[in-house]
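> dropping a prediction and its sequence here:
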Amino acid sequence: METQCPSSLFTAYLSQPPSCLQFLPSDPEYLVIGTYLLSEDKEGDAVIAQKKTGSLQLWYLDIKQKTLVQINDARIDLPYAVFDLKFHPWKKHLFGVAGSNGSVSLYSISSGAEHPEFKLLWKFDAHETPDKGALFLAWTPRSWLPRSGGEDEDGFAVTFADGRTSMFTTQQRSIEASSPDDLQQTSFTSRERIETWFVALESYTATVDGERTSYMFTGNDFGALQTRRFSHQFQDVSDTSLEERQIFVLDDQARHHTAGVTSIFPLPISCLVRDSPILLTGSYDEYLRVYHATPPRGKILAEHRLGGGMWRLNLLSSRVVSDSGPTETRFVVLASCMHAGTRVVEIIWRSATTDDIGEWTIRVLAQFTEHESMNYASDVYQPQGQEDGSIFVVSSSFYDKRLCLWRVEIA
């Protein structure tokens, strides 16, 4: 199968560089874009002052006309740059924003008369030092913080430029009903005081004893991937601190990544494989890797050089193909590859049982290379009810402030 090389259906330009974007889960023809503008004052060649500002912008994908349109009256200008934004995994009207000044904000989206509308619910300084930017935000998935009575406790993790990762949780039933004063903070530090670019949260069922456990994965600018495992084996988990629940922490000490770890994606496999999770990782070193987070230092099961630097990974689909032989599971992901554009990649896992490491292969289905600068943000629109296997992708590039709409077949 030849690699597809699609061309853009439509191109638009923003007023500020796009740093992140995501389609609205509740209204998937709209997307929110976060921007990051660095302004510098110079005397000759010397920079004497810097200022970071940004915005949240609402755009509309007109799928019939194959165009992207900015909703100008829905724009929010901010006195700080937006590093990351993430929609809540099950409260789909909420999204969080990580800011360059170390802040975290919570927004809601409601249905307006003409288009969705943003509302700021709260904002707080997640780091006490404003120049330690908040780099990435990850919401807790269901069952990550279970309460007594079967409810899921709400929370999120944030990484910072000084290596810290902080978990914020609330005992309230609804995080939008909380205030920043209600949030309980637990912070974890790394050996190096360097940027922690990414945090991922996932929970699994252990194949050995059937118990549920939760994991936190972080990656830093020196190429180290850290794995923390937490136990659910308490009478009331909600009354137990994360420090008390932590079983172990593993640090691979940059054994497998030769540059910063910038993306970590736990594959949607419900059970641990040989009592350890399997992840996809992306790095500045241009490789996509299948990573088995096993003690003591992890193991690489497959890797493929995609070019550029791997910044973000989005899961597009996963499916299991069963026949008379081994089970074959296929994962399709969208990769934002910085200076190499965007890739659509298929990862194939062939295994005899759910606890079998099996064989892993990686192949590129499509590559989009029209971007002229760093591709940090991409997302996918998939029309409801469409069964021909085609998807629409909106990808961006930073310095030329460009948005591109393109289409690819993934069936």
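Cool, got the structure.
> helices and strands around the helix or strand encompassing F168, which ones?
Using DSSP states H and E, F168 sits within strand 165-170. Packing partners of strand 165-170 (3 or more CB pairs under 8 Å, 6 or more residues apart in numbering; DSSP states H and E): strand 154-160, strand 184-188, strand 212-220. Every C-beta, even on glycine, is put in place using the N, C-alpha and C of the backbone.
> could you dump those into TSV and include distance to Q367 and mean pLDDT?
Below are the helices and strands packed on strand 165-170 laid out as TSV (distance: least, CB to CB, whole Å; pLDDT from 0 to 100):
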stretch	distance to Q367	mean pLDDT
strand 154-160	29	95
strand 184-188	36	93
strand 212-220	24	94
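> let me see the contact set for F136.
Listed by CB atoms under 8 Å, 6 or more residues apart in numbering, the contact partners of F136 are F83, D84, A98, V158, T159, T196, W197, F198, V199.
> just put these in JSON lines and tack on secondary structure, distance to L68 and neighbour count.
Listed next are the contacts of F136 as JSON lines, based on DSSP: H, G, I helix; E, B strand; the rest coil; distance: CB to CB, whole Å; neighbours: other CB atoms under 10 Å:
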{"residue": "F83", "secondary structure": "strand", "distance to L68": "23", "neighbour count": "27"}
{"residue": "D84", "secondary structure": "strand", "distance to L68": "21", "neighbour count": "23"}
{"residue": "A98", "secondary structure": "strand", "distance to L68": "24", "neighbour count": "28"}
{"residue": "V158", "secondary structure": "strand", "distance to L68": "30", "neighbour count": "27"}
{"residue": "T159", "secondary structure": "strand", "distance to L68": "30", "neighbour count": "28"}
{"residue": "T196", "secondary structure": "strand", "distance to L68": "33", "neighbour count": "27"}
{"residue": "W197", "secondary structure": "strand", "distance to L68": "28", "neighbour count": "23"}
{"residue": "F198", "secondary structure": "strand", "distance to L68": "27", "neighbour count": "27"}
{"residue": "V199", "secondary structure": "strand", "distance to L68": "30", "neighbour count": "23"}
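> quick check: bridge partners of T342?
S336, F368 (DSSP bridges).
> my guess is it contacts A377. True?
No. The pair T342 and A377 does not pass the contact test of CB atoms under 8 Å, sitting 9.9 Å apart.
> what sits in contact with each of these two?
Residues touching both T342 and A377 (CB under 8 Å, 6+ apart) are S336, S395.
> who's more crowded, the two?
Between T342 and A377, counting by other CB atoms under 10 Å, T342 is the more crowded of the two (30 against 27).
> show me the contacts for the more buried one.
With contact set as CB under 8 Å, 6+ apart, T342 has these partners: L334, A335, S336, Q367, F368, H371, N375, S378, V393, S395.
> with P268 instead?
Residues counted as contacts of P268 (CB under 8 Å, 6+ apart) are L315, S318, F331.
> any idea which helix or strand carries it?
Using DSSP H and E, P268 sits in no helix or strand.
> next: E244.
Assigned by DSSP H and E, E244 falls in helix 242-245.
> pLDDT of that helix, averaged?
In this model, helix 242-245 carries a mean pLDDT of 86.
> now for that helix, which elements pack on it?
With contacts taken as 3+ CB pairs under 8 Å, 6+ apart, helix 242-245 sits against strand 225-231.
> packing partners for the strand it packs on?
In terms of contacts (3+ CB pairs under 8 Å, 6+ apart), strand 225-231 is packed against strand 212-220, helix 242-245, strand 246-251.
> same thing but 10 Å
Applying 3 or more CB pairs under 10 Å, 6 or more residues apart in numbering; DSSP states H and E, we find strand 225-231 packed against strand 196-205, strand 212-220, helix 242-245, strand 246-251, strand 261-266, strand 278-283, strand 287-292.
> tell me the bridge partners for the closest residue to T140 other than its chain neighbours.
Distance criterion CB to CB, 6 or more residues apart in numbering; nearest residue to T140, sequence neighbours excluded, is G155 at 4.5 Å. Going by DSSP bridges, G155 is paired in beta bridges with T169.
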